[in-house]
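Visitor: no sequence on this one, just coordinates:
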């Protein structure tokens, strides 16, 4: 064995730590060795060398400590990451809670004078191309053809099918009620994971699914208009389909070949989903229905808000939080977002907030807590706002 390995064995340290500056002398003995081997000087020069030697010794000790830290870091024995500040964490959680919770209200404002699938298509194309261009400019590698193919499978499931059902339903259903139904995505994720061969849900999880269905049943109304505070059967079926589409897309995305950067993958999926939404808008004749002279400032600014804040800022904050705190802490958005959406719809859009809505909200949030608070499977998907 080399001298470094022998030294490491005797002192139980990593060989790369024992080998100092390309040599073989342990770091913590280099100073002592320098003092032992320092040649003696004449008594006349010794007084002057004491000051110089002390300064050099201090410099040598600092250099030794820095080299020791660098060697330890390179061997993976020391984690030197700096914890994020509390202010950054609070801002990120505020973005995930408030911005995503508010997207339902701004969708309602956007579709007042712009057809629904045009709203979704413009939103996701703006956000997707902006994120893609920024990340590529920052040095992200160019996606492969296989990764683009995956994006054009997942994107339509997430954006076109998932969010498309949301924007269409808000023509007929209050935004807060839509948010409550969308909150059931973790329940569908739980069932789909089981059907794909996962572990059978336990009693607590089955109870959560049943409770969620009871909460949705409380919202069903034969009227189904936003003023009634309920949801009609057709709109409910569309929303259930959209949540299932989002859940299926989320499951496929876990194993699909996508870029290693989650933000780049999401940008590609937004582009693909935006193309799908514009295709639906073309089929439904929404381009002919759009009258630019009738587009209100509120609708136009709402689309910009959805693209910039809902799809870029809040999603970036969500991905950043996943690397800073536990997934369980980040997953609390599933409980908070519907409550924020219901409150904002009541305050700024005069949406009804009767006893039925409040009871349904409590029941549905309780169902999501039972399924997602201590999950045995990964049941939380990226939010469908």
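Guide: That came in fine, so what should we check first? None of the values given here were measured: they were computed from a predicted structure. Numbers count the residues shown, from 1 in each chain.

Visitor: residues near the nearest residue to residue 311 once chain neighbours are set aside, how many?
Guide: In space, and not counting its chain neighbours, residue 311 is closest to residue 127: 3.5 Å by C-beta to C-beta, 6 or more residues apart in numbering. The C-beta positions use only the backbone N, C-alpha and C, and glycine is treated the same way. Residue 127 has 24 neighbouring residues, counting by other C-beta atoms under 10 Å.

Visitor: just the pLDDT for residue 127.
Guide: Residue 127 carries a pLDDT score of 97 in this model.

Visitor: so which elements touch the one helix or strand it maps to?
Guide: Using DSSP states H and E, residue 127 falls within helix 116-137. Other helices and strands packing on helix 116-137, by 3 or more C-beta pairs under 8 Å, 6 or more residues apart in numbering; DSSP states H and E, are helix 100-110, helix 164-169, helix 262-283, helix 286-289, helix 297-305.

Visitor: shouldn't the residue nearest to residue 311 be in contact with residue 308?
Guide: Yes. Assessed by C-beta atoms under 8 Å, residue 127 is found in contact with residue 308 at 7.3 Å.

Visitor: ok so, going back, quick one, what contacts the residue nearest to residue 311?
Guide: 267, 270, 307-308, 310-312 (C-beta atoms under 8 Å, 6 or more residues apart in numbering).

Visitor: mind checking how far it is from residue 92?
Guide: 18 Å (C-beta to C-beta, to the nearest Å).

Visitor: what does residue 333 give?
Guide: When residue 333 is compared with residue 92 (using C-beta to C-beta), they lie 11 Å apart.

Visitor: which neighbours do the two have in common?
Guide: Contacts common to residue 333 and residue 92, judged by C-beta under 8 Å, 6+ apart, are residue 318.

Visitor: let me know the pLDDT of the nearest residue to residue 129 once chain neighbours are set aside.
Guide: Using C-beta to C-beta, 6+ apart and skipping the chain neighbours, the partner closest in space to residue 129 is residue 271 (6.4 Å). On pLDDT, residue 271 comes in at 97.

Visitor: what's the neighbour count on residue 271?
Guide: 22.

Visitor: residue contacts, it?
Guide: Contacts of residue 271 (C-beta under 8 Å, 6+ apart): 124-125, 128-129, 132, 151, 155.

Visitor: residue ranges with poor pLDDT in the stretch 51-200 of the chain?
Guide: 51-83 (pLDDT under 70).

Visitor: where do the helices sit along it?
Guide: 86-94, 100-110, 116-137, 145-155, 164-169, 175-182, 185-195 (DSSP state H, counting those that start in this stretch).

Visitor: comparing those, which comes out most buried?
Guide: Most buried of those by mean neighbour count (mean count of other C-beta atoms under 10 Å) is helix 175-182; its value is a mean of 28.

Visitor: the helices and strands packed on helix 116-137 into CSV, with extra columns for distance to residue 353?
Guide: Below are the helices and strands packed on helix 116-137 laid out as CSV (distance: least, C-beta to C-beta, whole Å):
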stretch, distance to residue 353
helix 100-110, 13
helix 164-169, 19
helix 262-283, 30
helix 286-289, 31
helix 297-305, 22
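
Visitor: out of the ones you listed, flag the one nearest residue 246.
Guide: helix 164-169 (8.6 Å; C-beta to C-beta).
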